[in-house]
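Enquirer: got a predicted structure plus its sequence, pasted below:
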Amino acid sequence: MMKDIDVLLYDLQDVGTRVYTFVSTMAYCMEACAAWGKRMIVLDRPNPVNGTQVEGNLLDPKCRSFVGLYPIPMRHAMTAGELALLFNSEFGIQCDLTVVAMQGWHRHYWFDQTGLPWIQPSPNIPTLDSAIVYPGSVLVEGTCLSEGRGTTHPFELIGAPFIHSRSYAESLNALNLPGVWFRPAYFRPMFQKWAGKMCGGIQIHVLDREHFEPYLTGIAVISVARALYPESFQWRNPPYEYEYERMPIEILCGSVDIVDMLQSATSLQQIRQSWQQDVTDFLRRQSSYLLY
C-alpha cells in the first residue's frame with residue numbers, strides 16, 4: 001500500500017478523546033511513513049471539546065491498544081496536528097512530518113464557537129453534545145450496559161433492561177457531579193446491545209460544559225450501576241477493538257488501577273485525585289507542541 005505513495009495526507013476530524021481511533025490510525029500512518037521513507041502531512045482541525053481542559057490518567061503502556069497507543073490522558077486538549085508532533089518526537093516515530101496549522105482557532109473554543117458546520121466524524125458522534133459526553137460514557141462500552149448505540153442519542157443514553165430509571169437517576173444526581181444532570185429515561189436500541197429490548201436508564205444532560213468532568217462522570221455511571229445491580233451488572237469480555245486478552249474496560253480506562261478502584265468501590269474523590277499528578281505531568285510535556 002505504501003510503495004507507490006509520495007505523500008500521505010491525513011485529514012480527519014478528531015473528537016479530543018484518547019480512545020477515539022482516528023489518532024491511533026494517524027500514528028500508525030506515521031509509523032508506516034517512517035518505515036517507507038515517505039512524507040506525511042497532517043491538515044489540522046479543531047479539538048471540538050476545546051483545547052484547555054485535560055482530564056484523566058495517563059495510559060499505562062501495559063494497556064496499549066488501538067483505543068490508546070501512547071501515555072496521554074483520556075481528555076488531552078490537543079488538536080490532531082499537535083498530537084502528531086508530540087507522537088513523532090516523544091515516542092520515537094520520527095517520520096518526515098508536516099502539520100498544516102489552522103487559522104483563527106483559539107484554545108478555549110468549543111466547536112460551536114468556530115463558525116464551522118458540525119459534520120459527524122463517525123455514525124455514533126452525531127452532534128457536539130455526543131462528543132462532549134463521549135470521554136466518559138465511552139467507558140460503558142466495557143460493560144453490559146447500552147451506551148445508547150442504536151438510538152438517536154448515542155453516549156447520552158445509558159441503560160439496560162434490569163435498570164430502574166428513577167432509582168438510577170436519583171442515585172447519580174445525589175453525587176452532585178459538576179455541570180451535569182441525569183434524567184430518568186427509557187429507550188429501545190435498534191441495534192447492538194439490548195437491540196429491540198426496552199432499557200431503563202438515564203440521559204446525560206450537560207448543564208455547564210465548562211465545569212463538566214466527562215471522564216469522572218463515566219466512572220460514576222458505571223460505579224452506581226454496579227452498586228445498585230450487583231447481580232445483573234457484568235463487564236464486557238474480549239475481544240474488543242483487536243484486543244483479545246485484556247478486558248475492554250482496562251484498555252478503555254488505559255489502566256488496571258482505575259478498574260481496580262472501580263471494583264473496590266473507591267470514592268469518586270479518590271479516583272479523581274489519583275490522576276491529578278498525571279494531568280500536571282502531561283500539561284508540562286504537551287506545552288512544547290502546542291500550535292495555538
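Expert: Cool, the structure landed.

Enquirer: dump the residue contacts of the residue lying closest to residue 73 once chain neighbours are set aside.
Expert: Nearest non-adjacent residue to residue 73, counting by C-beta to C-beta, 6 or more residues apart in numbering: residue 56, 4.2 Å away. C-beta here means a position set from N, CA and C on the backbone, and glycine is covered the same way. Taking C-beta atoms under 8 Å, 6 or more residues apart in numbering, we find residue 56 in contact with 18, 73-75, 135, 215, 254, 275, 278-279.

Enquirer: the residues you listed: which two are farthest apart?
Expert: Largest separation among the contacts of residue 56 by C-beta to C-beta: 135 and 278, giving 14.7 Å.

Enquirer: between those two, who's got more neighbours?
Expert: Ranked by neighbour count (other C-beta atoms under 10 Å), residue 135 and residue 278 place residue 135 first, with 30 against 19.

Enquirer: the more buried one is in contact with residue 55, isn't it?
Expert: Yes: with contact defined as C-beta atoms under 8 Å, residue 135 reaches residue 55; the gap is 7.0 Å.

Enquirer: so the residue sitting furthest away from the middle of the chain, which of the three states?
Expert: Here the centre of the chain is the reference, and by C-alpha atoms, centre = their mean the most remote residue is residue 4, at 34.4 Å. Classification of residue 4 using DSSP: H, G, I helix; E, B strand; the rest coil returns coil.

Enquirer: and it, what pLDDT?
Expert: Listed pLDDT for residue 4 reads 95.

Enquirer: for this protein, what spans make up the strands?
Expert: 7-10, 39-43, 96-100, 157-160, 180-187, 199-206 (DSSP state E).

Enquirer: so of these, which one's packed in deepest?
Expert: strand 157-160 (a mean of 27; mean count of other C-beta atoms under 10 Å).

Enquirer: so what sits against both of residue 135 and residue 55?
Expert: Here residue 135 and residue 55 have 74-75, 214-215 as joint contacts, going by C-beta under 8 Å, 6+ apart.

Enquirer: now for these, which pair is the farthest apart?
Expert: 74 and 214 (8.1 Å).

Enquirer: common neighbours of these two, please.
Expert: 55, 135-136.

Enquirer: picking up where we left off before, out of the strands of the chain, nearest to residue 115?
Expert: Residue 115 lies closest to strand 39-43 among those, at 18.0 Å (C-beta to C-beta).

Enquirer: mind giving me CSV with the shared contacts of residue 74 and residue 214 and columns for pLDDT and distance to residue 187?
Expert: Shown next, in CSV, are the shared contacts of residue 74 and residue 214 (pLDDT from 0 to 100; distance: C-beta to C-beta, whole Å):
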residue, pLDDT, distance to residue 187
55, 98, 27
135, 98, 21
136, 98, 18
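
Enquirer: could you dump these to TSV with distance to residue 114?
Expert: Below are these laid out as TSV (distance: C-beta to C-beta, whole Å):
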residue	distance to residue 114
55	21
135	19
136	23
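
Enquirer: now, which of the residues you listed lie within helices?
Expert: Residues of these located in helices (DSSP state H): 135-136.

Enquirer: correct me, but residue 55 touches residue 213?
Expert: Yes: using C-beta under 8 Å, residue 55 is in contact with residue 213, at 5.9 Å.

Enquirer: separation between residue 217 and residue 231?
Expert: Separation of residue 217 from residue 231 (C-beta to C-beta, to the nearest Å) stands at 25 Å.

Enquirer: which of those two has more neighbours?
Expert: Ranked by neighbour count (other C-beta under 10 Å), residue 217 and residue 231 place residue 217 first, with 25 against 6.

Enquirer: burial count for the residue lying closest to that one once chain neighbours are set aside?
Expert: What sits nearest to residue 217 in space, not counting adjacent residues and going by C-beta to C-beta, 6+ apart, is residue 136, at 4.5 Å. A count of nearby residues for residue 136, using other C-beta under 10 Å, gives 29.
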